[in-house]
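Asker: Structure, please.
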Amino acid sequence: MNTPDVHRAEAWHRRAASVIPKHLMLKSIVTTVFISLFFAAYFYLLRHPAYPPTLMPVTALDQLIAFEPLALPLYASLWVYVSILPAFFEDREELLHYGWSMTLMCVLGLLTFYFWPTAAPAPDIDWTQHPDMDILKNIDASGNACPSLHVATAIFSGAWFHRLLRRFGGPPWTLLLNWVWCAGIVYSTLAIRQHVAVDVAAGLLLGAVAARLSLRPLIAAESQTTAAFVKRLIGLAAAPYKTSGSYAWHFARGKLEGDPAFAHLLAAGLLSAPARILDIGSGQGLLTAWLLAARESAERGDWPAGWPAAPHTEFVRGIELMPHDVARADRALAPAVRAGRAEFARGDMCSSDFGQTDAVVILDVLHYVPYAAQDDVLLRVHRALSPDGVLLLRVGDAAAGLPFAFSNWVDYVVTTLRGHRLGKLYCRPLAEWKTALRKLGFTVEAHALSQGTPFANVLLVARLQPAS
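Answerer: Down below sits the predicted model:
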């Protein structure tokens, strides 16, 4: 079995690397032609302005940001940033759509330079004291200032990079690195005095609007495609429960259709990497059925293009208090149990051995036990997780008012119908849940899971902090 670190790295690196050879000639031609034509038009307008350039104003922000010649490599890295992005497109039509969108944005900027030439004011700096900067200033003078196409192309590329990294299932640090690089490029335009703040603001606006308009039709199309995919996946995941009776099958379909958590786990890539998963309060094994169906669907090539990689879970262990739910899970998912890919055991989360695992999922069960027992469960989860493990904990926010009260009422009704006897519920405000997890050494982020429902549910994604 791979260690979690290796498993996670391979999951997104392999997928990203696999698309580079696709349409390689087209990618090379598109990148080369675009950059060549852009520079030809840019430098022509720079050296032959149609009208007298307007000098852009210096603002307080410009005075606040100190001159920093060491930012020059960041400034120049834009052309690396822009050039490597096309390599990671898998679909030819999407590659061309990106190329045309980038071209239209730059044409709009160049037309602005033609009809309204602008220039950044010359700073009081002796460029001969900074030879590298002197070369840049001799090549790229202070014209073609507003909007800053350097900034616009960085923002545009950053948005597209973010989309592709999420598609590959890149871990959070890759998304952060992308935006840090993008922000560094934006900062560099001010730090080396190539632009002033007004140019940068206009470039930010142009790049953001262009990125939004270019991505919107793709996101809309994917939304429709994704809805159809989720519907197919629900049918696939619920199908095994037909062997466990009409109630089990109808419950499975209803729960998977009505609970946004299941689709969110896949769309956010929260379980793309973990090899071993512990499902506490597993019920009739719906999470296991969902993950098995997702893997089967992805292996057939049926997977949303905008989603991170599908889970490749090796083993799911479910702990459930109610024996009839364990029996349903064993019957419905018998092939996976026999193959050693799943196991369902009757047990109380307050006393069961959690073993060692890469991810723990606890959806809507921790509030059934007293606060001290909750803290003990969370402590034992912390001890059971591998070094880069993750806890996915869904809770109700006790500070959410009427939606929280409605959530509790529905909880009473549904749990009673399923054969449980409910007493007092031990709920906490969201802030207290976060505090309890952080005290144990988790980093915590909250994902709202109430979309399309009247409830007050929040998914807490708690990751172990790296050892110092």
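Asker: Now the element after the helix or strand hosting Arg166, going C-ward?
Answerer: For Arg166, the host element (DSSP states H and E) is helix 149-168. Sequence order places helix 172-191 as the next helix or strand after helix 149-168, per DSSP H and E.
Asker: Can you spell out which helices and strands pack onto that following helix?
Answerer: In terms of contacts (3 or more C-beta pairs under 8 Å, 6 or more residues apart in numbering; DSSP states H and E), helix 172-191 is packed against helix 72-76, helix 78-84, helix 149-168, helix 197-238. Any C-beta I mention is one placed from the backbone N, CA and C, and that applies to glycine too.
Asker: So which bits of the shortest one are buried?
Answerer: Buried residues in helix 72-76, defined by neighbour count with 16 or more other C-beta atoms under 10 Å: 72, 74-75.
Asker: need the helices and strands packed on helix 172-191 in TSV with distance to Pro311, can you?
Answerer: Below are those laid out as TSV (distance: least, C-beta to C-beta, whole Å):
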stretch	distance to Pro311
helix 72-76	37
helix 78-84	28
helix 149-168	15
helix 197-238	12
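Asker: tell me the most buried of those?
Answerer: Of all the helices and strands packed on helix 172-191, helix 149-168 has the most neighbours on average by mean count of other C-beta atoms under 10 Å, namely a mean of 23.
Asker: from the chain's centre, how far out does that helix sit?
Answerer: Its chain's C-alpha centre and that of helix 149-168 lie 13 Å apart, by C-alpha atoms, centre = their mean, to the nearest Å.
Asker: Number the residues from 507 up from this point.
Answerer: Sure thing, new numbering starts at 507, so read that last one as helix 655-674.
Asker: Show me the domain layout of the chain.
Answerer: 510-728, 765-970 (automatic domain parsing).
Asker: From the buried residues of helix 578-582, pick the one nearest Arg738.
Answerer: For the buried residues of helix 578-582, the residue nearest Arg738 by C-beta to C-beta is Leu580; the value is 45.5 Å.
Asker: Does that closest one touch Tyr693 like I think?
Answerer: Yes. Counting by C-beta atoms under 8 Å, Leu580 sits close enough to Tyr693 to count as a contact (7.1 Å).
Asker: which residues of the stretch 707-856 of the chain fall in strands?
Answerer: 782-786, 821-826, 848-852 (DSSP state E, counting those that start in this stretch).
Asker: circling back: who does the helix holding Arg672 touch, helix- and strand-wise?
Answerer: helix 510-525, helix 584-590, helix 598-621, helix 678-697, helix 703-744.
Asker: Quick one, grab the pLDDT at the residue most central in space within the chain.
Answerer: By C-alpha atoms, centre = their mean, the chain has its centre lying nearest to Arg672, at 4.9 Å. pLDDT, Arg672: 84.
Asker: In contact with it, which residues?
Answerer: By C-beta atoms under 8 Å, 6 or more residues apart in numbering, the residues touching Arg672 are 681, 775, 812-814.
Asker: Go again with 10 Å.
Answerer: 518, 680-681, 773-775, 812-814 (C-beta atoms under 10 Å, 6 or more residues apart in numbering).
Asker: out of the residues you listed, who has the most neighbours?
Answerer: Pro814 (25 neighbours; other C-beta atoms under 10 Å).
Asker: is it true that it touches Pro678?
Answerer: No. The criterion here is C-beta atoms under 10 Å, and Pro814 misses it with Pro678 at 11.3 Å.
Asker: Quickly list what's touching both of these two.
Answerer: 671, 775.
Asker: how close does the closest residue to Ala522 other than its chain neighbours get to His519?
Answerer: In space, and not counting its chain neighbours, Ala522 is closest to Phe674: 4.6 Å by C-beta to C-beta, 6 or more residues apart in numbering. The span separating Phe674 from His519 equals 8 Å under the rule C-beta to C-beta, to the nearest Å.
Asker: for the stretch 807-956 of the chain, what are the low-confidence residue spans?
Answerer: 909-911, 913-929, 956 (pLDDT under 70).
Asker: The stretch 507-656 of the chain too?
Answerer: In the stretch 507-656 of the chain, residues with pLDDT under 70: 507-517, 640-647.
Asker: 50 - rerun?
Answerer: Counting by pLDDT under 50, the ranges of the stretch 507-656 of the chain that qualify are 507-516.
Asker: on that earlier part again, so how far is Thr731 from the residue nearest to the centre of the chain?
Answerer: 16 Å.
Asker: same deal with Thr624?
Answerer: The value you get for Thr624 to Thr731, if C-beta to C-beta is used, is 43 Å.
Asker: before we move on, the earlier item: need the overlap of contacts for Leu580 and Tyr693.
Answerer: The contact lists of Leu580 and Tyr693 share Glu574, where a contact means C-beta under 10 Å, 6+ apart.
Asker: for this structure, which strand is longest?
Answerer: If you go by DSSP state E, the chain has its longest strand at strand 891-902.
Asker: between it and strand 782-786, how many degrees?
Answerer: If you take axes from the mean of the first three to the mean of the last three C-alpha atoms, to 10 degrees, strand 891-902 sits at 30 degrees to strand 782-786.
Asker: got the buried residues for strand 891-902?
Answerer: 891-892, 894-902.
Asker: Pick the one among those closest to Leu792.
Answerer: For those, the nearest to Leu792 is Arg900 (13.3 Å; C-beta to C-beta).
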